[in-house]
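A.B. asks: quick one, what's the 3D model for this:
(2 chains)
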Amino acid sequence: MRLRYVVDRAGKYLLLLPAVFSIVVVFMIGLFTLLEALPAFRQIGLGPLLLGSVWRPTMESYGLLAMIAGSVLVTLGALVLGVPLALGCAILLAEVAPAWFRAVVRPAIELLAGIPSVVYGLFGMVVLVPLVREVFPVPGNTGFGLLSASIVLAVMILPTITNIAEDSIRAVPREYKEGSLALGATHWQTIVRVILPTASSGIIAGIMLGIGRAIGETMAMIMVIGNSIIFPQPLNDNPLTIFLSQARTLTGNIAVEIAYATGVHESALFATGVVLFVMIILINRLAYLLIRGRLLTLYGGGQ
Amino acid sequence: MSPNMERLDWKWPASPSRRRWLQRTAFGLLWVTGLISIGILVLIVAFVWVRGGGQINWAFLVTPPEGGLSGEGGISTTIVTTLILIVVTVAIASPLGIGAGIYMAEYATESSRRGIIPILVNAARAGVEMLAGVPSIVFGLFGYALFVTALKLGFSILSGALAAACLVLPVIIRTTEEALHAIPQSYREASLALGATKWQTTWNVVVPAALPGIITGIILSVGRIISETAVFYVTLGGSHNMPRSLMDPGRTMALHLFYLATDTRAFDKAMATGVILVVSIILINLSINIISRRLRAKVRG
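C.D. replies: Model (predicted):
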């Protein structure tokens, strides 16, 4: 057998090595996190861990509900503020704005998606927090809290959602648009009735990616959300003042406490990681179902 | 028309003039939202730029930070730490990621394969897909527990680099696989028909053609390491001193910004560090654009 055939054979196994190693790494991360979280699930119990609203490691009390509420509320706030802007921006860039406008704006938005989150967090600390404190003179409002954090997150997910939504709007076949226009629909009717429904699965995927980024964000949240371990509640009679309340996110909980945590406390932080992971998988699953449901209503349940 | 379709129906105004008016209003609103979003983003970058840019000079780049609560000094040690971290992380992750990507794209797809390999490959794809959505702090947690505590590497550059390698490994595997899939099948067939072995075809024909895509993946990872903070917050130790070995703790530029803002409230220095970070990201984006333009030219030519 000539040398090159030997090399050919050996090469295949040489490449199998990093492949197997990568798989091992990938699964080790999941396994290791689960194993470390196991003592917490066993000693604290799933119920008290998920539904307990008091987190006080010094008193052996580990309830994640306040942090789950913090993560969910801040993500909701970011979506309410960010998604309309991102979608408007995407439709504008893909359908309405002239080519030169897109040529300038699109690379800028791509760049902004890559800026480190601490830079956005810094802006939040220096500009937003004092602003929120001034604008809403409610007793107990420090400026640090859900509102400032939601605004920072909204700005962070804006480029992500805009880029993906614009791509999926552009991917709609030209014939669809031409067909609609030829039937006498205005451009706006075509956008609402033909283009957006066709692009909806891509748009939802973009929003999901935004949600994933929002729930997973750590450092920018630590910088502006205040980090108190309290269940967010309204500061006065107006229920909307809940957004002026301080809070802590699941991610922030891990980052702030891991360096000095030992024993059950450390294990409880791994459990926090598992909860985060499960939340993200559930959201992705939900998105998949939503997209499928939406496509079925649009194109009929024929198949 | 199915009942579902009727529910989605919305009565449009019948007269053409009303419909044109509606369209003009809607487009006006779109311009408003678009300009607001772009305005906000430009405002943030401009604000950081203006407040931080003024303090950047040669001395800022080459002086070490004083540390403690003063917030004085420059960022030289953090630049060095960031660079070392990039080199070590890429050195660990890219051979693994590129090798795995090549195997998955070139060898795992052989259709005659039966047995455990296809199952493993599908599991790997699912795992890589899943890891891409995992928040970075979970990688930090894993890195802290495994490298810092269990393997006794302590808070060190090595611990940080190993954790960061886990973070960027899925990125490199994915971009490598995609780059190889983009190479036309005819390239491989032509090479094999000339008598080259699969190994020769892979290394002399397919990989060189896919190189720009593979390099893009590595540059993306570098960008990820520069902007990542959470992983390093829990593995790197945060010392502002110049690292003398891989076992020393350190802080990256992004981490330095975080400490300046939260611990010492030295906002102006933090802004200046932010400007350096933004400039690095701009350079990375530019290089990716140049490479992908090359790639497109190559495919067309």
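A.B. asks: quick one: A:Asn238 from B:Gly217, how far?
C.D. replies: 50 Å (CB to CB, to the nearest Å). Backbone N, C-alpha and C define where each C-beta goes, glycine included.
A.B. asks: who has more neighbours out of the two?
C.D. replies: Using other CB atoms under 10 Å in any protein chain shown as the criterion, A:Asn238 and B:Gly217 rank with B:Gly217 on top: 23 against 11.
A.B. asks: tell me the contacts of that one?
C.D. replies: B:Gly97, B:Val171, B:Ile172, B:Arg174, B:Thr175, B:Thr176, B:Ala179 (CB atoms under 8 Å, 6 or more residues apart in numbering or on different chains).
A.B. asks: ok, A:Ile91 next?
C.D. replies: The contact partners of A:Ile91, taken as CB under 8 Å, 6+ apart, are A:Ala165, A:Ile169, A:Ile191, A:Leu196, B:Leu30.
A.B. asks: pLDDT value on whatever residue of the stretch 101-250 of chain B ends up closest to chain A, please?
C.D. replies: Here the stretch 101-250 of chain B gets closest to chain A at one residue, B:Pro135, 2.9 Å apart by CB to the nearest CB. Note for B:Pro135: predicted pLDDT of 89.
A.B. asks: same question, B:Ala190
C.D. replies: 93.
A.B. asks: next: B:Pro212.
C.D. replies: Looking at B:Pro212, its pLDDT is 88.
A.B. asks: kindly report the same for B:Leu83.
C.D. replies: pLDDT recorded at B:Leu83 is 94.
A.B. asks: next: B:Thr264.
C.D. replies: Reported pLDDT for B:Thr264: 84.
A.B. asks: excluding chain neighbours, what is closest to it?
C.D. replies: Nearest in space to B:Thr264, with sequence neighbours left out and distances taken as CB to CB, 6 or more residues apart in numbering or on different chains, is B:Gly71 at 3.9 Å.
A.B. asks: helix, strand, or coil at the one you found?
C.D. replies: Secondary structure for B:Gly71, judged by DSSP: H, G, I helix; E, B strand; the rest coil, is coil.
A.B. asks: that one: neighbour count?
C.D. replies: Neighbours of B:Gly71 using other CB under 10 Å come to 19.
A.B. asks: doesn't B:Arg265 make contact with it?
C.D. replies: Yes - counting by CB atoms under 8 Å, B:Gly71 touches B:Arg265, with 7.4 Å between them.
A.B. asks: same for the host helix or strand of B:Gly140, what does it pack against?
C.D. replies: Using DSSP states H and E, B:Gly140 maps to helix B:136-143. Applying 3 or more CB pairs under 8 Å, 6 or more residues apart in numbering or on different chains; DSSP states H and E, one finds that helix B:136-143 makes contact with helix A:3-44, helix A:250-257, helix A:263-299, helix B:157-181, helix B:230-235.
A.B. asks: which stretch among these comes nearest A:Asn141?
C.D. replies: Proximity to A:Asn141 (CB to CB) singles out helix A:250-257 among the helices and strands packed on helix B:136-143, at 19.7 Å.
A.B. asks: can you show me the CA trace of that closest one as CSV?
C.D. replies: Taking C-alpha atoms only, helix A:250-257 is exported to CSV below (Å, rounded to 0.1, in the frame of the first residue of the first chain):
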residue,chain,number,x,y,z
LEU,A,250,-30.9,34.9,37.8
THR,A,251,-27.7,35.6,35.9
GLY,A,252,-26.7,38.4,38.3
ASN,A,253,-27.4,36.1,41.3
ILE,A,254,-24.9,33.6,40.0
ALA,A,255,-22.2,36.2,39.1
VAL,A,256,-22.5,38.1,42.4
GLU,A,257,-22.4,35.2,44.8
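A.B. asks: just the angle between it and helix B:136-143, please?
C.D. replies: 40 degrees (axes from the mean of the first three to the mean of the last three CA atoms, to 10 degrees).
A.B. asks: right, and A:Gly145 touches A:Leu244 too?
C.D. replies: Yes - with contact defined as CB under 8 Å, A:Gly145 reaches A:Leu244; the gap is 5.3 Å.
A.B. asks: which neighbours do those two have in common?
C.D. replies: Contacts common to A:Gly145 and A:Leu244, judged by CB under 8 Å, 6+ apart, are A:Val132.
A.B. asks: compare neighbour counts for the two and give me the winner.
C.D. replies: Neighbour tally, A:Gly145 and A:Leu244, criterion other CB under 10 Å: the higher count belongs to A:Gly145, 29 against 24.
A.B. asks: low pLDDT regions in chain B?
C.D. replies: Low-confidence regions of chain B, defined by pLDDT under 70, span residues B:1-11, B:109-114, B:298-301.
A.B. asks: do a quick rundown of the helices in it.
C.D. replies: All helices of chain B, identified by DSSP state H, fall at B:3-8, B:16-53, B:58-62, B:76-102, B:116-132, B:136-143, B:157-181, B:185-193, B:198-201, B:207-227, B:230-235, B:253-262, B:267-300.
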